[in-house]
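**Student:** Sequence and computational prediction follow.
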Amino acid sequence: MFLSAALSSTTSHLTILPSLITSTTSPLSRRFSFTFLENRNPTTTTTLFPYKQRLLVKSQATAPASSEAVKVSPVPSEMKAWVYGEYGGVDVLKFDSNVAVPDLKEDQVLVRVVAAALNPVDAKRRQGKFKATDSPLPTVPGYDVAGVVVKVGSEVKEFRVGDEVYGDVNEKALEGPKQFGSLAEYTAVEEKLLAPKPKNLDFAQAASLPLAIETAYEGLERTGFSSGKSILVLNGSGGVGSLVIQLAKQVFGAARVAATPGTRNLELLKSLGVDLAIDYTKENFEDLPEKFDVVYDAIGQCDRAVKAIKEGGSVVALTGAVTPPGFRFVVTSNGTVLRKLNPYLESGKVKPIVDSKGPFPFTQLAEAFSYLETNRATGKVVIHPIP
Ligand SMILES: NC(=O)c1ccc[n+]([C@@H]2O[C@H](COP(=O)([O-])OP(=O)(O)OC[C@H]3O[C@@H](n4cnc5c(N)ncnc54)[C@H](OP(=O)(O)O)[C@@H]3O)[C@@H](O)[C@H]2O)c1
């Protein structure tokens, strides 16, 4: 009760005025003029943790003035963020109004977060499943971000203040992911992990993509997938699977795409280009006579998946035990992959799938995590607006 009362009284609002947006030419990125309008109430900020001193690093200076007509509100020294100081269930997530805005390294940009998305790795990390390779607690979670650059490091070449960007903030998903993730008003991200936001997508749609689409792409590449091949996608209605289907068909030129949705998602997957939708609640995919060049296992059924490949076929397994010849990999965040896929997104050939229960507002992060953890989300669980 106390927390929700505090949250409702501390919500601030970010407004980007469309009438002020003007595009100028640039070979590398579009530049915009925009204004942030924020309604802050400094008297209602809360301090929930004794470790605040660790998070309150030094203050950030105002974003550097751009030579172009860009107006950005000054970057404050503190921000609103979700934080956990111990591993556990959703109840360890705490809202903190006084988290230090992260310092920038030379190769990083500071992003004003407009939308973020949740991934199963956020939940597993919070539960302590990767504690051996995690960054030290306390943690501001969040991998996926879409937002606006408000400050650039001295070595940044591609981006300028005002650019709209998206990406996965953690280069290695499990090895030392950032202590300050995207579920905050600001996040610091290496330039190489970001790409310009696709022009046709809003921030919520863009935030739904990075980790899932990079995983989908990297997995397909690692199987050597190419034009004319067939593929079966296990968990075709999830965040990753819904993009594997589309990339296989639209980017890699798959001859035939099959997938395993539950009953309620059969039609959705057909609309994404699936030729054969196998309702996993009614049929066992490995018992069907048809076999595939590749099985993309995004659910943890590798032992069954290997029975569904042609001789010499491949199985890529994102989670669970691996049965040979299946193999596993852990996604590497890569802005170059996003840039490569931007034309497919901007032409509408590949579409973001945002779960219809969302986007969840920033204040409802615990509810969003609880929903993700039912393993029933269709596409991505998105957090917007922020804060
Ligand atoms: N190794 C890596 O680098 C990497 C990267 C990304 C993700 N992952 C892992 O890959 C897995 C998938 O991630 P995600 O983000 O795509 O998950 P997700 O979006 O949370 O998956 C939810 C979906 O799972 C489906 N589902 C539940 N039980 C199923 C079953 N028995 N068969 C087929 N589908 C089923 C549900 O479909 P219905 O509602 O239709 O039942 C729901 O749409 C997670 O374990 C994640 O941690 C690994």
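**Tutor:** Happy to help now that I have it.
**Student:** Quick check: the residue lying farthest from the centre of the chain vs Ala254, distance?
**Tutor:** No residue in the chain sits farther from the centre than Pro289, which is 36.5 Å out by Cα atoms, centre = their mean. Per Cβ to Cβ, to the nearest Å, Pro289 is found 19 Å from Ala254. From N, CA and C alone the C-beta is placed, and that goes for glycine too.
**Student:** what separates the residue farthest from the centre of the chain from the ligand, distance-wise?
**Tutor:** Computed as Cβ to the nearest ligand atom, to the nearest Å, the Pro289 to the ligand distance reads 20 Å.
**Student:** give me every residue that touches that residue.
**Tutor:** By Cβ atoms under 8 Å, 6 or more residues apart in numbering, the contact set of Pro289 is empty.
**Student:** count of residues packed around the residue in the stretch 1-150 of the chain positioned nearest to the ligand?
**Tutor:** In the stretch 1-150 of the chain, the residue that lies nearest the ligand is Pro120 (3.4 Å; Cβ to the nearest ligand atom). Neighbourhood size, Pro120 [other Cβ atoms under 10 Å]: 19.
**Student:** and it, what does it touch?
**Tutor:** With contact taken as Cβ under 8 Å, 6+ apart, Pro120 is in contact with 319, 372.
**Student:** rewinding a little: helix/strand/coil for the residue farthest from the centre of the chain?
**Tutor:** Look at Pro289: counting by DSSP: H, G, I helix; E, B strand; the rest coil, its state is coil.
**Student:** Close to the ligand: what parts of the stretch 101-250 of the chain are there?
**Tutor:** By Cβ under 6 Å from any ligand atom, the part of the stretch 101-250 of the chain that sits against the ligand consists of 119-121, 173, 212, 215, 234-235, 237-241.
**Student:** and of those, the nearest to Lys310?
**Tutor:** Nearest to Lys310 out of those is Leu234 (Cβ to Cβ; 16.2 Å).
**Student:** So that closest one sits against Gln301, correct?
**Tutor:** Yes. Here Leu234 lies in contact with Gln301, judged by Cβ atoms under 8 Å, at a distance of 5.6 Å.
**Student:** Pull out the buried positions in stretch 281-289.
**Tutor:** 285-286 (16 or more other Cβ atoms under 10 Å).
**Student:** One more: stretch 374-381?
**Tutor:** So, applying 16+ other Cβ under 10 Å, buried residues of stretch 374-381: 377-381.
**Student:** Now intersect those residues with the strands, please.
**Tutor:** Mapping the buried residues of stretch 374-381 onto strands (DSSP state E) picks out Val381.
**Student:** Redo the buried residues of stretch 374-381 as a markdown table? Include distance to the ligand and pLDDT.
**Tutor:** Output for the buried residues of stretch 374-381, formatted as a markdown table (distance: Cβ to the nearest ligand atom, whole Å; pLDDT from 0 to 100):
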| residue | distance to the ligand | pLDDT |
| --- | --- | --- |
| Ala377 | 5 | 98 |
| Thr378 | 5 | 98 |
| Gly379 | 7 | 98 |
| Lys380 | 7 | 98 |
| Val381 | 8 | 98 |
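**Student:** which regions of the stretch 1-150 of the chain lie under the pLDDT threshold?
**Tutor:** Within the stretch 1-150 of the chain, the stretches with pLDDT under 70 are 1-72.
**Student:** In it, what residue spans correspond to helices?
**Tutor:** 2-10, 52-55, 120-126 (DSSP state H, counting those that start in this stretch).
**Student:** and what of the stretch 251-387 of the chain?
**Tutor:** Going by DSSP H, counting those that start in this stretch, the stretch 251-387 of the chain shows helices at 266-271, 302-305, 335-346, 365-372.
**Student:** mind listing what Leu338 touches?
**Tutor:** Taking Cβ under 8 Å, 6+ apart as the test, what Leu338 contacts is 166-167, 194-195, 209-210, 213-214.
**Student:** For Thr223, which non-adjacent residue is closest in space?
**Tutor:** Spatial nearest neighbour of Thr223, excluding adjacent residues (Cβ to Cβ, 6 or more residues apart in numbering): Ser314 at 4.2 Å.
**Student:** residues in the stretch 251-387 of the chain within reach of the ligand, list them.
**Tutor:** Those residues of the stretch 251-387 of the chain that sit near the ligand, judged by Cβ under 6 Å from any ligand atom, are 260-262, 265, 280, 298-299, 318-319, 330-331, 372, 375-378.
**Student:** tell me, which strand in this protein spans the most residues?
**Tutor:** Longest strand in the chain, counting by DSSP E: strand 108-118.
**Student:** now it and helix 365-372, what's the angle there?
**Tutor:** For strand 108-118 against helix 365-372, the angle by axes from the mean of the first three to the mean of the last three Cα atoms, to 10 degrees is 60 degrees.
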